[in-house]
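**Student:** coordinates only, sequence not included:
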């Protein structure tokens, strides 16, 4: 991976943009040369989007290590997903992964920042071998609202933030605002609020009107709370929930994210659980992706004694330990 920085002028401010060069086959764990994507991805990342984690940090990257394997398993079990949508796409790497692994030819992407969605659209078009092979629907705004009201998708994917933030100025301007959520106006069940699942719950509710008859929502969520809560979220939102895959990853931005969970837990929410990465690697050794969903409760029970509170995880991280958390891919189909 190589990167360079550009500066884009606007009438109001200067936006820094990073250009990342990513080996497609390695990033998507392909056993062959990519069929629909360029061999090397040129990804423009604006200051409002998270930088992808590549090379030695790839175990911290959601698209590479969690989303793409789930996409491949969906392709194997449910076949081609012609129409794909990503809520909160960021750089658009999730949409590119869907084009390559799911065979998507109509792609919808949304994000809350205008510069993020503009860069994502450019990234998607610019990294396809044949840009005309994909119909792209892109817009910035809340969840699915930027998309055409008659748009319908076979798979709606979301990996949304979960830590509340009340600072409107930060939400409007900071890169890491994409890792937080402002207060929601919709009624949120207390179980969802206490477990920081408010935005995931709202996304599930709103996604119903954008699914094809056989469509599903794939929610990727950090498993810092009991698996039973994720299943209940699906039921409360009016879906049949399935723990599709269960895995783990290294915590991205640990100082910020772990500390955020510690603050929420101190205010009476949670509790939340983190783990030493070495223990997660041991617990998941030999677990096949296609079996991980069915074995999720078994693995969760095995890990219970080794869970770290956010405060303990933050202290361990500051002492040089690598901290991670489990990950859940929840596939939900409407009732």
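**Tutor:** The structure has been received and is ready for your questions. Here the structure is a predicted model, which means the values were calculated and not measured.
**Student:** what helices or strands is whichever strand or helix holds residue 199 leaning on?
**Tutor:** Here residue 199, judged by DSSP states H and E, is contained in helix 198-207. When contacts are defined as 3 or more Cβ pairs under 8 Å, 6 or more residues apart in numbering; DSSP states H and E, helix 198-207 packs onto strand 153-158, helix 190-194, strand 211-223, helix 227-236. All C-beta atoms are positioned from the backbone trio N, CA, C, and that covers glycine.
**Student:** most packed of these?
**Tutor:** Looking across the helices and strands packed on helix 198-207 with neighbours counted as mean count of other Cβ atoms under 10 Å, the highest average goes to strand 153-158: a mean of 25.
**Student:** I would like the residues contacting the helix holding residue 199, please.
**Tutor:** Defining contact as Cβ atoms under 8 Å, 6 or more residues apart in numbering, one finds that helix 198-207 is touched by 87, 143-144, 156, 158, 160-162, 164, 181, 184, 186, 188-189, 192, 217, 219, 221, 233-234, 236-239, 332.
**Student:** quick one: which of the helices and strands packed on helix 198-207 is nearest residue 108?
**Tutor:** Closest approach to residue 108 among the helices and strands packed on helix 198-207 is made by strand 153-158 (6.3 Å; Cβ to Cβ).
**Student:** how far off helix 198-207 does that closest one point, in degrees?
**Tutor:** 170 degrees (axes from the mean of the first three to the mean of the last three Cα atoms, to 10 degrees).
**Student:** what residues does strand 153-158 touch?
**Tutor:** 67, 74, 81-88, 94, 98, 102, 104, 106, 108, 144, 200, 203, 207, 210-212, 214-220.
**Student:** okay, the angle between that strand and strand 211-223?
**Tutor:** With the same axes, to 10 degrees applied, the angle from strand 153-158 to strand 211-223 works out at 20 degrees.
**Student:** got the contact list for the spatially most central residue of the chain?
**Tutor:** Of all residues in the chain, the one closest to the mean position by Cα atoms, centre = their mean is residue 159, 2.6 Å from it. Shown in contact with residue 159 (Cβ under 8 Å, 6+ apart): 62, 66, 67, 88, 94, 219, 220, 221.
**Student:** ok, so of the residues you listed, who is nearest residue 276?
**Tutor:** Distances from residue 276 to these, taken by Cβ to Cβ, are shortest for residue 66, at 19.1 Å.
**Student:** who's in contact with the closest one?
**Tutor:** Residues in contact with residue 66 (Cβ under 8 Å, 6+ apart) are 159, 220, 245, 247, 249, 327, 329.
**Student:** how near is it to residue 193?
**Tutor:** Distance, residue 66 to residue 193, using Cβ to Cβ, to the nearest Å: 25 Å.
**Student:** Residue 108 too?
**Tutor:** Taking Cβ to Cβ, one finds residue 108 at 28 Å from residue 193.
**Student:** Excluding chain neighbours, what is closest to residue 109?
**Tutor:** Excluding its sequence neighbours, the residue lying closest to residue 109 (Cβ to Cβ, 6 or more residues apart in numbering) is residue 89, at 4.1 Å.
**Student:** Find the helix or strand that that neighbour is a member of.
**Tutor:** Per DSSP H and E, there is no helix or strand for residue 89.
**Student:** Surely it and residue 110 touch.
**Tutor:** Yes. If you go by Cβ atoms under 8 Å, residue 89 and residue 110 touch, sitting 6.7 Å apart.
**Student:** what is in contact with the two at once?
**Tutor:** Common neighbours of residue 89 and residue 110, counting by Cβ under 8 Å, 6+ apart, are residue 117.
**Student:** Count the residues that sit near the residue nearest to residue 130 when sequence neighbours are not counted.
**Tutor:** Nearest residue to residue 130 in three dimensions, chain neighbours excluded: residue 36, at 7.4 Å (Cβ to Cβ, 6+ apart). Around residue 36 there are 18 other residues, counting by other Cβ atoms under 10 Å.
**Student:** Surely residue 36 is in contact with residue 131?
**Tutor:** No. Residue 36 is beyond contact range of residue 131, at 10.4 Å (criterion: Cβ under 8 Å).
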